[in-house]
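*Asks:* Test case, fold it:
(chains A, B and C)
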Amino acid sequence: MATPLVVSDVAKSFTMHLRGGLVLPVVANVSFAVASGECVVLGGPSGIGKSSILKMLYGNYAVDAGQILVSHAGRTVDVASADPRTVLEIRRTALGYVSQFLRTVPRVAALDVVAEPLVSRGTAPEEARERAAELLARLNLPRDLWQLPPATFSGGEQQRVNIARGFITDHAVLLLDEPTASLDATNRRVVIDMIEAKKTAGVALLGIFHDEEVREAVADRILDVTAFSPRRSAA
Amino acid sequence: MSDMPLLKVRSLSKFYGNRIGCHDVGFDLWPGEVLAIVGESGSGKTTLLNCLSTRLMPSTGDVQYRMRDGDYRDLYRMSEAERRVLMRTDWGFVHQNPADGLRMTVSAGANVGERLMAVGNRHYGRIRATASEWLSRVEIETDRIDDQPRAFSGGMRQRLQIARNLVTSPRLVFMDEPTGGLDVSVQARLLDLVRGLVSDLGLSAIVVTHDLAVARLLSHRMMVMKGGHVIEHGLTDRVLDDPREPYTQLLVSSILQV
Amino acid sequence: MSAPHTEPVTAPESAGEAELAAYNFAYLDEQTKRMIRRAILKAIAIPGYQVPFASREMPMPYGWGTGGVQVTAAIIGPEDVLKVIDQGADDTTNAVSIRAFFQKVAAVRATTHTADATIIQTRHRIPEHTLKEGQVLVYQVPIPEPLRFLEPRETETRKMHALEEYGLMHVKLYEDIARHGRIATTYAYPVKVHGRYVMDPSPTPKFDNPKMHRSEALQLFGAGREKRIYAVPPHTDVVSLDFEDHPFEVQQFDRPCALCGATHVYLDEVVLDDRGGRMFVCSDTDYCETRQAEGHVGEMLATSEREAAE
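*Replies:* Residues are numbered from 1 along each chain as shown, chains lettered A, B, ... in the order given. Sure thing, here's the model as predicted:
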């Protein structure tokens, strides 16, 4: 079986046109791979480019150079150069992402927010809602919130909706950007268990965890992003 | 998902004398895909929309549309009769001002039913039942079916316009600033409704808007226009989260954060 | 040039014979009549299609039948026998004036008998007596465009006719049913001619629509103010628009004519006094009188005859 995620020589900078074309290098020479069933944690101080790497992998940030290879429908596709339609297709079927913040959609109930990724893959809405309900129950989200749109939820509640949404599918690669940041100890424990289950299922996980307890519990390997800092390599 | 584009746009330009309306635009639109065209007033986005929807003839370029039978047809080489049939069956056009897209002096039911009658439906009871079903789908009380849109609020009119367009199950819908002129709360409801309908019906849509929030919520992909040119084009969240061009960065940084 | 047209005319009404224009027959100059005839021929060739024509000033205001008068003037010859009706009656102001006009400018014979006439100019009715081959029915039309109700732009309605986009016509009927529970349009009821053009049959009651269908007579329509002529040639299909579940129906009258006892004819209501007394009589005066002459007696006439006998 092909390695689900391979990153090779990726570089990224921001050009700030509104500030006279100031170029802010973010990362360079990023190369690593994540194997099936492995959880790799990105390490290093904040501002070093960990979130940017996840966003590039997800196609959310453009890439200046390099390749991001993801196995998708029996082929290996380069997310860095794929057209928007292919990126969307990869997100739908192969690449999941749990961000720190939930981008809420007005008027859609929490249960449907969670079920949506399954529905978009063709699962019957009722079945998808059942799966969503299981996950929300597991994450201890009060049942009377399920039918409400999450816009007015607390940070921790939104976070749990977000996690459920990210974990509901069987994507082969899962990107996690501080999914436990605003959770209490009980729910952190639940998330750790869910990550363990994903690993057992052969999912390749790449995450950022500032919480040491979680990191210790889930990380197979820590990748120090400082090594990719262009400032260091330039120095 | 079909592996053939619904619309193939190549080297489309429209000049008004010496002035550029839009210049050398090309893209493919796929079934089920929503494309947002953003830019400020005068950027050429409405000119482009009007050319694509054949309401305006471009100066050069061509647009191939995949008909229901699977064949591609050049929109600008079709007869007007064929185009008009296409426009009232397989396409929809949602105007910014609902009064431009509705018949203000006939009832809501007849507004929705008109396209059905235009394609030959001659059973009053069935036309009315379908109209009623569509009214509830766009969240208009069905007991308003005999009221004229003049008696409707702006948000209701816009929802009625959408129902009127969707009743023949079009495959492609053009929208020109669909939420312009509506209150914020009304906008949110409309956007959510449109978003739901687009995904439930598997519609393709081309949405012109100057509102990046609308683009973010509705579209998969966006094109940024300036001075008649497409200056940036990509996945919607990519363009909004990592804008590359100076003008796009300006646009994105101009959004008021709430 | 003498007036050769007047020679064969021997009708006693032709008192104006001496004053008849030395140059022109039937008021209009020959060039105008040719122009109108060309429009009429085109209209006959394309049943239901509105042919534009250069409508002339006539010695009467618009709305008094200038279109019908021009069509009649363009087709009338010295041998013709003219009947003019307004709302079915030969003796209303408009009918009398137009009849007098043609007797003056064309010196033709006039009649009130439908069967005797070769040309019948009409406003708002089709005679009850079935028209025959060789007869021409000329309608006075105020607004020829059936789509005008919902689409004010002439450019757009023309395009809709050209592309046969007639969904809008049914929108109008839909509105009727939605509002009144049935198709409440009772006059100017739209028809489809020869399976192609949707046409406004002028403000005749829909009761008369079936008479247009495959009529042996030629039907010509003239709209003077709107400058349009259209036609239904003999034996042409004229179908009233409707819905499958709301089929076209003509008005039904629950009593016969009070004067001649006729049923299945179009009746006018006549108020008799200020105590609610009223009667219903044939709108077609010629038809009614002919029946009375044949001995048919309606309820009201029977009563008055009895009273006279007592």
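*Asks:* and the closest residue to residue C:87 other than its chain neighbours, how many neighbours?
*Replies:* Excluding the flanking residues, the one nearest residue C:87 by CB to CB, 6 or more residues apart in numbering or on different chains is residue C:124, at 4.9 Å. For the C-beta atoms, the positions are set from N, CA and C on the backbone; glycine is no exception. Using other CB atoms under 10 Å in any protein chain shown, residue C:124 has 20 neighbouring residues.
*Asks:* hang on, residue C:124 packs against residue C:94?
*Replies:* No: the criterion here is CB atoms under 8 Å, and residue C:124 misses it with residue C:94 at 9.9 Å.
*Asks:* Please enumerate the shared neighbours of the two.
*Replies:* Common neighbours of residue C:124 and residue C:94, using CB atoms under 8 Å, 6 or more residues apart in numbering or on different chains, are residue C:86.
*Asks:* residues in contact with the residue in chain A positioned nearest to chain B?
*Replies:* Residue nearest to chain B within chain A: residue A:17 (3.5 Å; CB to the nearest CB). With contact taken as CB under 8 Å, 6+ apart, residue A:17 is in contact with B:245, B:246, B:249, B:250.
*Asks:* again, only using 7 Å
*Replies:* B:246, B:249 (CB atoms under 7 Å, 6 or more residues apart in numbering or on different chains).
*Asks:* For it, give its distance to chain C.
*Replies:* Residue A:17 sits 47 Å away from chain C when distances are taken as CB to the nearest CB, to the nearest Å.
*Asks:* Report the separation between the two terminal residues of stretch A:173-185.
*Replies:* End-to-end distance of stretch A:173-185: 26 Å, with CA to CA, to the nearest Å as the criterion.
*Asks:* which other residues reach it?
*Replies:* By CB under 7 Å, 6+ apart, stretch A:173-185 touches A:4-5, A:51, A:54, A:57-58, A:70, A:94-100, A:155-156, A:159, A:163, A:166, A:188, A:191, A:198, A:203-211, A:214.
*Asks:* ditto for stretch C:267-287
*Replies:* By CB under 7 Å, 6+ apart, stretch C:267-287 touches C:87-91, C:112-114, C:125, C:127-129, C:253, C:255, C:257-260, C:262, C:265-266, C:288, C:300.
*Asks:* In ChimeraX, select just the buried ones from the contacts of stretch A:173-185.
*Replies:* Selection of buried members from these for ChimeraX, criterion 16 or more other CB atoms under 10 Å in any protein chain shown:
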select /A:4,5,51,54,57,58,70,94,95,96,97,98,99,100,156,159,163,166,188,191,198,203,204,205,206,207,208,209,211,214
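*Asks:* Now, the contacts of stretch A:173-185 that are in helices?
*Replies:* Counting by DSSP state H, the part of the contacts of stretch A:173-185 found in helices is A:51, A:54, A:57, A:155, A:156, A:159, A:163, A:166, A:188, A:191, A:198, A:214.
*Asks:* Lowest mean pLDDT among the helices and strands, pick that one out for chain B.
*Replies:* helix B:184-201 (a mean of 86; mean pLDDT, DSSP states H and E).
*Asks:* Show me what counts as buried in the helix or strand following that one.
*Replies:* Sequence order places strand B:204-209 as the next helix or strand after helix B:184-201, per DSSP states H and E. For strand B:204-209, the neighbour count (16+ other CB under 10 Å) marks B:204, B:205, B:206, B:207, B:208, B:209 as buried.
*Asks:* Look up how far chain A lies from the nearest residue to residue C:55 once chain neighbours are set aside.
*Replies:* Residue nearest to residue C:55 in three dimensions, not counting chain neighbours: residue C:227, with 4.2 Å by CB to CB, 6+ apart. Look at residue C:227 and chain A: by CB to the nearest CB, they are 56 Å apart.
*Asks:* How many residues are close by the one residue in chain B that gets nearest to chain C?
*Replies:* As assessed by CB to the nearest CB, chain C sits closest to residue B:118 within chain B, at 2.9 Å. By other CB under 10 Å, 20 other residues sit near residue B:118.
*Asks:* Just to check, it is in contact with residue C:164?
*Replies:* No: counting by CB atoms under 7 Å, residue B:118 sits too far from residue C:164 to count as a contact (10.5 Å).
*Asks:* Next up, phi/psi of residue 151, please.
*Replies:* Just going to use chain A. phi -50, psi -40 (degrees, to the nearest 10).
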